[in-house]
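[1] have a look; sequence and predicted model below, questions after that.
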Amino acid sequence: MAPNDQYVLNWATRHLARAPGPARHNYGQFQPDDAGAQFCEGWRFPIIDTSAKGVDENDVTFVWLDGDTSTTEVKLIGTFPSLFEPIALEPVSFGTEQTRYRAATFSVPKGQVHRYLYLVDGKPMPDPINPQRFIADTGHVWSRFFTDSCAQPLELERWEVQLLTRLTAHILPFRTTGGQNFLSMFHMNSDRNTRDTQYADAFRLDEPIGVVNFIDKLLARQERHHLADYKICLAQMDAVLRRRHASTDPASIPKGAYEDLYAELATNQVAGWDYVRYQEPAYFLKLLRRHTYTGAFSHPRHGGNAGAAGWAYLEETYRDANGQSAFDWSRALEPPLGRNPTYRG
Amino acid sequence: MTLQTEFDVVIIGSGAGGSPIAYQLTLANKSVLVLEKGPLLRPQYDAPDGKSDFKRDELFSTGPEKRIQLDVVNRGASYYSSHIEPDINDEPHVYRTAEGGDKATIEGYTAQVVGGGTQLYGGVSYRFMARDFRLQSANQGRTLEADPNGDVQREARDWPVDYDELEPFYARAESLVGINGQVLGQEKDFKGKDQYQKPLSPNPISAHALEGMTQLGMKAYRTPLAVITEDHASSGRKGPLNEEAKTAYVNRYGDPLGFKSSTYVALLIPALRRPNLEIRANCTVTHLECQGSRVRKVHYRDPGGAERVVSGKLVIIACSAIESVRLLKLSAKADTQFDAAINQDGNGMLGSYFLTHCFGGASALVPAPERYDKSLTLDSDYSTDHCAVDDFLDENKLWAGAAIYNNTSDRALPLALGRNFGSRDLDTVWDAFVDASNLVGDALDDFLKRQFGRGLSMTFMANQVPQKSNRIELHPTISDKWGRAAAYIIKDWHPHDVALMQRYAAICGQILQRGGVTEELGSGGVYGKDVLARCANHILGGARFGTDRRDSVLDPNCRAWGFDNLYVTDGAFMPTSGGGNPTLTIQANSFRVAEFLKTVL
């Protein structure tokens, strides 16, 4: 479908328009010479937005910024809608004037991961704005994007997911007896269709609230600059736990071991930690605390709070003096997640 | 056909200062161009596909972590901005710390979007008290707390317009913007006319605030809020059904349903039905160029960054006080004629007397087992003018009064509860929560149990003493993404400000106490990691108006003294900051200026 020019400009001007100059946006997520560091929040591209076509779709808008050289044609190939039919990006106008932008919008189902390339006057290249990359088995580098409520692991290995699942469970209130009971009942009482769609994402990562999935997506996109923190610190924690519990996989050791590890991280004194490799484990814990809490209680489109289980926990647990819930969250939100008759998300 | 380049009026900025003029002059059949740096984000009913660009999503209000990369003392510090607040690295605001180093801050920005700050604000829409317009006269011969050198009497200024002159425009703003509220209980003269729409039912937690005010003998009234509760004829908006306007996605959120009366939905959408108004969103004005005393050209970057020029018989600057002063200073830097005209008499007034508000308050938890659904709310329910009347100010030896009101939307959503825990400004969100490593498992459950739906706070908003040394300059080395010098904010608090804030904070605490809200009670004035950065997002002064061109930048009609056709109508014109949230006064003044402009076009 043809992208709306005003819509594209609304995103492109703030994030892409600028005078040539030093990169202002590299705090660890880019190599020093990566042109992507010039752009503000380049991770927002392609633009993933709600779609008028239906609640199961996202509108995905690709934006190309012409450089100084005159480019004749920019096309896109990707694993949507067809890998074999390049589709041209259309020039974006400002009133009667042309701009340096070209764009194309597609509807893509939620929960999916895709790769794509631009064909710039026939020459294939990854998206210079979007920092997400996919390296194929052939060694070819593609750009990557994922749509809302995506549950495919993108950055974290299975063992990392398991370790994080244990740590985040220690932080969140759901491991309390009441919390465990609530989550069990919440998922048990969901109808089969809902379980298979909304909550399947959570169970796929072996955790009931989806926080680790949220973190995986955050590290893939918005906070990619923290991916190295996670990779280094998870490896260190795995090594520490394996040394302490030689005969047991870290995923299976008793929760007391994680409580001890958490306490040591908080004091920045972790026995067996390689401080040369990572100086401040307490800093990593701060990151993890913010990401965990955010993942548990943010909108489910971001990959956590699976099926709004975090909100439902608050709704169920915290009640006023008359027994009425003190958090009627669904009243304000779009169907089918919420029950607001007007707001469309 | 090419872009039109000649207009009757070019308005820079589409918020509270610019839109009323755009509205009035469009209706007067003048050709009007609004240049807005930010995007055009629409509510559902105005969007081509029926989907709004504003979302009820906490990660839109406070996005992911980014880090300051500028050459400042706090390089590397984390910051979190809303999707329509400027990015600090791209468009820095830098302030001088008490230690002398420079820091970048997220404080002091308003939203960059069509509608400006009125898209994200909580909508509190007070009239100022009559006294707020004559603080120089009102303080003649008085002895004040913490002002041994008589700074207040020396620096306070009466406005060149008084309450009675502005009153019809307050009424016009209340009617055209669309505000709900209550006249009864206010200490301002409404001249027998009530333009308010009917308030929605208050959140039950606010009964404690009302009780506290009543116990202390304070007259309370429903806080005037820029949210429609009924059909709004002039903008064509339909009012909410079943109080659906009540949602915690209010303050710091754009409204996807358009009930919040941003200047876009209230004024610009109806004006756009006429062919003589054009809004160019995503366009950054870089500088103005003059010939003698007339601004001839407005230079701007279009959405792709291309340099363009437009001209207007009149040019109105209204892009929030810091940015307006910066634009004038950048123009002066680029053009010696402009420099001579704006800095007329070499009086050093441009950028000086920058103001924000003295603000603060008190916060506590309602008694157990009470708990309320704070997501069913607007931004505030009750206010009092008790501390703005002469008797109170005489008794307390304070120079100016304050509006006091309760907040209801604070800490209403779960992420806000965490990120704002222990945080006192926008530069320190999340810090206390991530540091509190003991909040884990059962303890986190206890934290939520203790806090969720139980927090009640009172806020005061009061005049700040004007000081010439509080000013906006151009930073000598830090630039924005276009290579233009960044705004440099140099300010401090006067000892009388500190005394005043302590007094009003104590009163806020008393309201809570007398309302039976005492658990975890804390109160204070401006607070934060660095109190010099705090702005309450009320950015005022720096180009004040007055009757003496040696003592002001603008004449009483907000025309720059050295120009025939240049006006500044955002909060920069204010000589004093007023005893309440300033947006309605900025709007009312812009309606007043618009009436004058009709006579000169």
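    Right, received. Where do you want to start? Keep in mind it's a predicted model, so treat the numbers as computed, not measured.

[2] what's the burial count for residue 325?
    Going with chain A. 17 (other Cβ atoms under 10 Å in any protein chain shown). From N, CA and C alone the C-beta is placed, and that goes for glycine too.

[3] other chain: chain B
    29.

[4] and what of residue A:140?
    Count around residue A:140 with other Cβ under 10 Å applied: 12.

[5] mean confidence for stretch B:351-361?
    Regarding stretch B:351-361, the rounded mean pLDDT is 95.

[6] export it to PDB, keeping only CA atoms.
    Provided in PDB are the C-alpha atoms of stretch B:351-361 (Å, rounded to 0.1, in the frame of the first residue of the first chain):
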ATOM      1  CA  GLY B 351      17.400  36.100  27.700                       C
ATOM      2  CA  SER B 352      17.400  37.700  31.100                       C
ATOM      3  CA  TYR B 353      14.800  37.200  33.800                       C
ATOM      4  CA  PHE B 354      14.200  33.600  32.700                       C
ATOM      5  CA  LEU B 355      11.600  32.100  35.000                       C
ATOM      6  CA  THR B 356      10.100  28.900  36.000                       C
ATOM      7  CA  HIS B 357       7.900  28.200  39.000                       C
ATOM      8  CA  CYS B 358       8.600  27.700  42.600                       C
ATOM      9  CA  PHE B 359       6.900  24.300  43.100                       C
ATOM     10  CA  GLY B 360       6.800  21.200  45.300                       C
ATOM     11  CA  GLY B 361       4.400  19.700  47.600                       C
END
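
[7] now do residue 73: how many residues are near it, please.
    Defaulting to chain A. Neighbour count for residue A:73, taken as other Cβ under 10 Å: 12.

[8] hmm, I had chain B in mind actually
    15.

[9] surely it touches residue B:100?
    No: applying Cβ atoms under 8 Å as the test, residue B:73 and residue B:100 come out as separate, 9.4 Å apart.

[10] I'd say residue B:6 and residue B:311 touch.
    Yes: counting by Cβ under 8 Å, residue B:6 touches residue B:311, with 5.4 Å between them.

[11] quick one, which of these two is more surrounded?
    Taking other Cβ under 10 Å, residue B:6 and residue B:311 do not tie; residue B:311 has more neighbours (16 against 11).

[12] the stretch 101-250 of chain A against chain B: which residues are in contact?
    By Cβ under 8 Å from any Cβ of the partner chain, the part of the stretch 101-250 of chain A that sits against chain B consists of A:101, A:170-173, A:175-176, A:178-179, A:218, A:222-223, A:225-226.

[13] report pLDDT for residue 96.
    Chain wasn't specified; assuming chain A. Predicted confidence (pLDDT) for residue A:96: 90.

[14] chain B, not that one
    At residue B:96, the pLDDT value in this model is 91.

[15] with residue B:61 instead?
    pLDDT recorded at residue B:61 is 87.

[16] distance of the closest residue in space to it that isn't next to it in sequence from residue B:77?
    Once flanking residues are discounted, residue B:61 sits nearest to residue B:252: 4.6 Å by Cβ to Cβ, 6 or more residues apart in numbering or on different chains. Note on residue B:252: its distance to residue B:77, by Cβ to Cβ, to the nearest Å, is 20 Å.

[17] which one of those two is surrounded by more residues?
    Taking neighbours as other Cβ under 10 Å, residue B:252 and residue B:77 compare with residue B:252 leading, 22 against 17.

[18] ok, that one touching residue B:120?
    Yes: assessed by Cβ under 8 Å, residue B:252 is found in contact with residue B:120 at 5.3 Å.

[19] what do the two both touch?
    Counting by Cβ atoms under 8 Å, 6 or more residues apart in numbering or on different chains, the common neighbours of residue B:252 and residue B:120 are residue B:82.

[20] flag the shaky bits of the stretch 451-600 of chain B, pLDDT-wise.
    Across the stretch 451-600 of chain B, the ranges flagged by pLDDT under 70 are B:527-530, B:536.

[21] in it, which spans are helices?
    Secondary structure of the stretch 451-600 of chain B, counting by DSSP state H, counting those that start in this stretch: helices at B:495-514, B:583-600.

[22] now do the buried residues in the first one.
    Yep, that's helix B:495-514 we're talking about. By neighbour count with 16 or more other Cβ atoms under 10 Å in any protein chain shown, helix B:495-514 contains the buried residues B:496-505, B:507-514.

[23] now do the shortest one
    With burial defined by 16+ other Cβ under 10 Å, the residues of helix B:583-600 counted as buried are B:583-595, B:597.

[24] same thing with stretch B:557-564?
    Buried, per 16+ other Cβ under 10 Å, within stretch B:557-564: B:557-563.

[25] what comes into contact with it?
    Under the criterion Cβ under 8 Å, 6+ apart, residues B:290, B:293-295, B:328, B:340-344, B:543, B:545, B:549, B:552-555, B:565-569, B:573, B:589, B:593, B:596 lie in contact with stretch B:557-564.

[26] please repeat the previous calculation with a cut-off of 7 Å.
    With Cβ atoms under 7 Å, 6 or more residues apart in numbering or on different chains as the test, stretch B:557-564 has contacts from B:293-295, B:341-342, B:344, B:545, B:549, B:553-555, B:566-569, B:573, B:593, B:596.

[27] just the buried residues from those residues, in PyMOL please.
    Buried residues within the contacts of stretch B:557-564, by 16+ other Cβ under 10 Å, are selected in PyMOL with:
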select buried, chain B and resi 293+295+341+342+344+545+549+553+554+555+566+567+568+569+573+593
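
[28] and the next helix or strand past the worst-scoring helix or strand of chain A on mean pLDDT?
    Between all helices and strands in chain A, the lowest mean by mean pLDDT, DSSP states H and E belongs to helix A:200-204, at a mean of 42. Of the helices and strands lying after helix A:200-204 in sequence (DSSP states H and E), the nearest is helix A:211-220.

[29] so for that following helix, mean pLDDT?
    Mean predicted lDDT for helix A:211-220 stands at 97.

[30] for the following helix or strand past that helix, which residues meet the burial criterion?
    For helix A:211-220, the following helix or strand on the C-terminal side (DSSP H and E) is helix A:227-244. Residues of helix A:227-244 classed as buried: A:227, A:229-230, A:233-238, A:240-241 (neighbour count, 16+ other Cβ under 10 Å).

[31] following element in sequence after helix A:227-244, please.
    Downstream of helix A:227-244 (by DSSP H and E), the next one is helix A:255-267.

[32] any chance you could list what contacts the helix or strand just after that following helix?
    Following helix A:255-267 in sequence order, the next helix or strand is helix A:281-297 (DSSP H and E). Here helix A:281-297 makes contact (Cβ under 7 Å, 6+ apart) with A:167-168, A:171-172, A:209-211, A:214-215, A:218, A:226, A:229, A:233, A:265-266, A:268, A:270, A:273, A:304-305, A:310-311, B:414-415, B:418, B:430, B:433-435, B:437.

[33] may I have the phi/psi pair for residue B:443?
    Per-residue torsions, residue B:443: phi -70, psi -40 (degrees, to the nearest 10).

[34] do you know how far it is from chain A?
    9 Å (Cβ to the nearest Cβ, to the nearest Å).

[35] burial count for that residue?
    Using other Cβ under 10 Å, the number of residues around residue B:443 comes to 13.

[36] equivalent analysis for residue B:307, please.
    Residues near residue B:307, counting by other Cβ under 10 Å, number 9.

[37] OK, contacts around it?
    By Cβ under 7 Å, 6+ apart, the contact list for residue B:307 reads B:299, B:301.

[38] now the helix-or-strand element of chain B with minimal mean pLDDT against helix B:495-514, angle please.
    Using mean pLDDT, DSSP H and E, the weakest-scoring helix or strand in chain B turns out to be strand B:519-524, at a mean of 88. Going by axes from the mean of the first three to the mean of the last three Cα atoms, to 10 degrees, strand B:519-524 is angled at 160 degrees with respect to helix B:495-514.

[39] can you name the residue of the stretch 451-600 of chain B nearest chain A?
    residue B:453 (3.6 Å; Cβ to the nearest Cβ).
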